[in-house]
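Asks: Provided below are the primary sequence and the corresponding predicted coordinates.
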Amino acid sequence: MIEVRRLSKSYGSFQAVKDISFEVAAGEVVGFLGPNGAGKSTTLRILAGFLGPTSGEVRVAGFSITDQPLEARENIGYMPETSPLYPEMRTDEYLRYRAELKGVKGNKRRAAVEEAMRDAGLDGMERVLIGQLSKGYRQRVGLADAIVASPKLLILDEPTAGLDPNQIREVRDLIARLREKHTVLVSTHILSEVEAMCTRGIVIARGELVAEGTIDELRALRRADGVRARIRGDADSAVSIIAAIPGVASAEATDENGHVLVSFEDGADSDEIAEKITALLVAAQIGVLELVPRSSLEQVFAELTRGEPS
């Protein structure tokens, strides 16, 4: 669906995007990650056809964004970080206007608007002035605008920026539902959203692509700083055995169901410690039901983008 080859963008002597390449397959929901100033929004604007690249090639649904811009844009729904809505217009009025601009035929326009409003969770808001909507609902109008022409690709730039936790959950759920009809590329700073919504992540820092892969593959880029164990047997004995292993900083039973939380010392060999935990517990006739590394996407993100402006 998206093919990016050696994409660069410069503003005078400043290079905002530096020779990045990646692909997004049809049906994926991909998180585009990076700190402020990393080049995320610049890249998304190029993909959406709102900004020209300095060099490189971008293709959407097989069409070149520079050589075949109209054909490429027909396949794109773009939601910028701040949607340029008209507060004096009613919700359905605005969406009909946007559908007309995007070439939705008159006899199909009403159905397209109704479907977009339904998919964006705007039922009952048809005749409400946009200026009277909450920020969360204005974000939904922006989403409805992005999908009203039934594009194959949705590009969403910070869709939950400025929302409260309840509104964030609502928009996240909406995006999760949109994946049934669209390929989605979503830029966000909220890493829990990427873990909850996305099939894959792309990390950009200092204008360069520094990592990409499934969420599990990204987590694996950082050694675990501990493990979560689930054991069968005497939890107190298990904690004592684990705590005595060199490289273990702490071990504690977290509940009465055999769960033990283990933290490693800095620089410890996590694989070696995990092997020792298993061997010593089994030797003590304590069953090891599960041993899960503790390495979060937040840790990976911090490590990959170290030195970036906040």
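Replies: Yes, it's here.
Asks: for the stretch 101-250 of the chain, which spans come out with low pLDDT?
Replies: 189-190, 220-224 (pLDDT under 70).
Asks: tell me where it has helices.
Replies: Ranges of helices in the stretch 101-250 of the chain, per DSSP state H, counting those that start in this stretch, are 106-119, 135-147, 165-178, 191-197, 215-219, 235-243.
Asks: would you turn those helices into TSV with distance to residue 29 and mean neighbour count?
Replies: Just so you know, the C-beta spots here come from the backbone N, C-alpha and C atoms, and that holds for glycine as well. Below are the helices of the stretch 101-250 of the chain laid out as TSV (distance: least, CB to CB, whole Å; neighbours: other CB atoms under 10 Å):
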stretch	distance to residue 29	mean neighbour count
helix 106-119	15	16
helix 135-147	14	23
helix 165-178	7	16
helix 191-197	6	19
helix 215-219	11	17
helix 235-243	38	17
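Asks: export the ones you listed as a markdown table, with columns for distance to residue 128.
Replies: Listed next are these as a markdown table, based on distance: least, CB to CB, whole Å:
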| stretch | distance to residue 128 |
| --- | --- |
| helix 106-119 | 11 |
| helix 135-147 | 8 |
| helix 165-178 | 17 |
| helix 191-197 | 27 |
| helix 215-219 | 37 |
| helix 235-243 | 56 |
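Asks: closest to residue 47 out of those?
Replies: With CB to CB, the closest approach to residue 47 among the helices of the stretch 101-250 of the chain belongs to helix 135-147: 13.3 Å.
Asks: what lies in contact with that closest one?
Replies: Helix 135-147 has contacts (CB atoms under 8 Å, 6 or more residues apart in numbering) with 77-80, 83, 85, 91, 94-95, 98, 113, 116-117, 119-122, 125, 130, 133, 154-156, 159-160, 162-164, 166-167, 170-171, 174-175, 178, 181-182.
Asks: how about the helices of the stretch 101-250 of the chain, which one is nearest residue 5?
Replies: helix 215-219 (22.0 Å).
Asks: what's the offset of that closest one from the middle of its chain?
Replies: 12 Å (CA atoms, centre = their mean, to the nearest Å).
Asks: just checking, what packs against it?
Replies: Identification of packing neighbours for helix 215-219 by 3 or more CB pairs under 8 Å, 6 or more residues apart in numbering; DSSP states H and E yields strand 200-205, helix 297-304.
Asks: ok, 6 Å please
Replies: helix 297-304 (3 or more CB pairs under 6 Å, 6 or more residues apart in numbering; DSSP states H and E).
Asks: what's the average pLDDT for the helix it packs on?
Replies: For helix 297-304, mean pLDDT rounds to 67.
Asks: the nearest residue to residue 229 once chain neighbours are set aside in helix, strand or coil?
Replies: In space, and not counting its chain neighbours, residue 229 is closest to residue 260: 4.4 Å by CB to CB, 6 or more residues apart in numbering. Assigned state for residue 260: strand (three-state reduction, DSSP: H, G, I helix; E, B strand; the rest coil).
Asks: how close does residue 260 get to residue 73?
Replies: 54 Å (CB to CB, to the nearest Å).
Asks: settle it for me: which of the two has more neighbours?
Replies: Set residue 260 next to residue 73 and count neighbours by other CB atoms under 10 Å: residue 260 wins out with 23 against 20.
Asks: where do the strands sit along this protein?
Replies: 2-11, 14-24, 29-33, 55-60, 63-64, 76-79, 153-157, 183-187, 200-205, 208-213, 226-232, 248-253, 259-264, 287-293 (DSSP state E).
Asks: list of residues touching the fifth one?
Replies: Okay, so that is strand 63-64. Here strand 63-64 makes contact (CB atoms under 6 Å, 6 or more residues apart in numbering) with 71, 72.
Asks: next: the fourth one.
Replies: Outside of strand 55-60, the residues within contact range by CB under 6 Å, 6+ apart are 2-8, 47, 65, 72, 75-76, 153.
Asks: identify the farthest-apart pair in these.
Replies: The farthest-apart pair in those, when distances are taken by CB to CB, is 8 and 75, at 23.4 Å.
Asks: hmm, back to that, now render the strands of the chain as a markdown table, adding distance to residue 304.
Replies: Converted to a markdown table, the strands of the chain look like this (distance: least, CB to CB, whole Å):
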| stretch | distance to residue 304 |
| --- | --- |
| strand 2-11 | 19 |
| strand 14-24 | 14 |
| strand 29-33 | 9 |
| strand 55-60 | 22 |
| strand 63-64 | 30 |
| strand 76-79 | 26 |
| strand 153-157 | 20 |
| strand 183-187 | 16 |
| strand 200-205 | 5 |
| strand 208-213 | 5 |
| strand 226-232 | 20 |
| strand 248-253 | 24 |
| strand 259-264 | 20 |
| strand 287-293 | 18 |
